[in-house]
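1. Could you work out the structure for the sequence below:
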Amino acid sequence: MQYREYGSTGKMVSALGFGAMRLPDDDDYAVECMRRYLDLGGNLIDSAYGYGGGHSEELVGQAIKGRRDEVYIATKNPLHDETVDGWWQRLETQLARLQTDYIDFYKVVHGLSWDVYTRVYEPKLHKEALKARDQGIIGHLAFSCHDSPENMIKLIDTGVFEGMLLQYNLLDRANEEVIAHAHESGMGVEIMGPVAGGRLGMASERVESMVPGVTSTPELALRFVLANPNVTIALSGMNTRAQVEENCAVASREAPLSNEEMQAIQSTLEENKRLAELYCTGCNYCIPCPQGVAIPDIFAAMNHHRVWGLTAHAKQLYRRLGPDNKDGKMDASACVECAECEEKCPQNISVIEQLKESHAALSK
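-> This next block holds a predicted model:
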């Protein structure tokens with residue numbers, strides 16, 4: 001297993017973290033998977049107050065029993081309310097669930113935004129987090145975030161956090177500058193979604209062909225994230241022992257990707273971006289459609305199929321559209337060829353024909 005320093009904390013964490021968001025339904029097997037991860041040299045398990053209704057933290061507590069000195073625990077406090085008492089109550093509940101008296105890397109707010117920071121955290125909760133750290137209940141203050149890159153940089157520049165958790169993967173690279181800025185600022189950088197929320201968990205010959213010798217799409221996805229020198233640790237939600245074995249083997253490679261392999265990937269990513277934008281840039285000028293056809297969603301799914309070869313995932317996305325969609329988003333079969341969308345498209349895409357092609361490719 002490879003290890004990296006968590007920012008300026010002096011703590012060495014394994015390149016692969018165990019994300020405990022979606023654990024196996026079998027509790028004993030879930031504990032077995034986490035313990036196998038520890039056996040293979042992994043040393044950070046990440047959970048959250050609300051994962052599994054709290055059961056995730058309970059299972060993490062079982063997995064680390066008798067092995068607390070081998071593992072760093074990371075978890076998150078959600079802003080269910082904006083009170084100091086509520087924040088402390090949730091922290092105390094987490095300690096009980098985890099069967100520990102301290103949490104190493106604590107996301108003081110789960111899903112912190114700049115608005116929440118300025119309105120709630122900085123004026124009300126930061127002094128409480130420092131108090132908890134002074135008492136030894138929290139080791140290091142961190143946060144998880146889904147805010148815009150600009151706002152993430154503002155949060156980094158407050159200088160009050162030692163680590164952050166954000167999304168980054170082969171398909172979603174919008175946070176690369178944020179990751180570099182956090183690293184340069186001396187923060188630990190934890191990555192969620194290294195396999196793109198499951199999109200890269202499905203086989204794609206097109207993705208695998210980027211680098212010779214790659215045996216699976218998830219392998220390349222994880223290697224790509226770990227090849228970023230500004231990344232401290234990639235969290236993977238592993239729910240089978242086989243996934244644990246495979247991911248730990250990937251994280252044990254001394255060099256995740258060579259310079260030549262990274263250059264090949266970058267060239268492919270640039271070409272795929274160009275191809276995707278030929279079909280649709282996602283500007284949304286084509287909506288609303290009078291019939292409720294979710295044109296940008298359909299074309300985004302089609303790009304997963306056509307550009308990335310992620311056909312199974314593309315079909316999953318497409319099946320979510322239709323009469324049962326809670327947001328009223330219809331699939332391409334609802335198109336009546338009124339051509340309003342084509343009149344509004346700045347790229348002059350033949351939207352009607354592309355909708356027909358998408359339905360034929362993704363509806364079966």
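
2. Distance from stretch 297-312 to the middle of the chain?
-> The chain centre lies 19 Å from the centre of stretch 297-312; the measure is C-alpha atoms, centre = their mean, to the nearest Å.

3. in it, what counts as buried?
-> Neighbour-count burial for stretch 297-312 flags 297-311 (criterion: 16 or more other C-beta atoms under 10 Å). Just so you know, the C-beta spots here come from the backbone N, C-alpha and C atoms, and that holds for glycine as well.

4. what's the closest of the residues you listed to R241?
-> For those, the minimum distance to R241 (C-beta to C-beta) is 25.3 Å, reached by L310.

5. In contact with G7: list those residues for me.
-> Contacts of G7 were listed using C-beta atoms under 8 Å, 6 or more residues apart in numbering, and they are 162-163, 183, 186-189, 232.

6. In strands only, show me these.
-> Counting by DSSP state E, the part of the contacts of G7 found in strands is 163, 188-189.

7. What mean pLDDT does stretch 256-270 get?
-> In this model, stretch 256-270 carries a mean pLDDT of 81.

8. cool, stretch 326-334 as well?
-> Across stretch 326-334, the average pLDDT comes to 94.

9. hmm, back to that, can you redo the contacts of G7 as a markdown table with distance to N169 and neighbour count?
-> Shown next, in a markdown table, are the contacts of G7 (distance: C-beta to C-beta, whole Å; neighbours: other C-beta atoms under 10 Å):
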| residue | distance to N169 | neighbour count |
| --- | --- | --- |
| E162 | 24 | 22 |
| G163 | 19 | 28 |
| H183 | 17 | 18 |
| G186 | 24 | 13 |
| M187 | 20 | 24 |
| G188 | 18 | 27 |
| V189 | 14 | 26 |
| T232 | 16 | 28 |
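
10. Distance to Q243 and pLDDT added to those residues, as CSV?
-> Shown next, in CSV, are the contacts of G7 (distance: C-beta to C-beta, whole Å; pLDDT from 0 to 100):
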residue, distance to Q243, pLDDT
E162, 29, 98
G163, 25, 97
H183, 27, 98
G186, 32, 97
M187, 28, 98
G188, 24, 98
V189, 23, 98
T232, 21, 97
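
11. Tell me the one of those residues nearest L79?
-> G163 (18.5 Å).

12. I'd say the closest one and I191 touch.
-> No - under the criterion of C-beta atoms under 8 Å, G163 is not in contact with I191, lying 11.5 Å apart.

13. Name the surrounding residues that touch stretch 296-305.
-> Contacts of stretch 296-305 (C-beta under 8 Å, 6+ apart): 199, 276, 279-280, 282, 284, 286-287, 310-311, 313-315, 317-318, 321, 329, 331-332, 354-355, 357-358, 361-362.

14. Report the mean confidence score over that stretch.
-> In this model, stretch 296-305 carries a mean pLDDT of 89.

15. Good, we can wrap up now.
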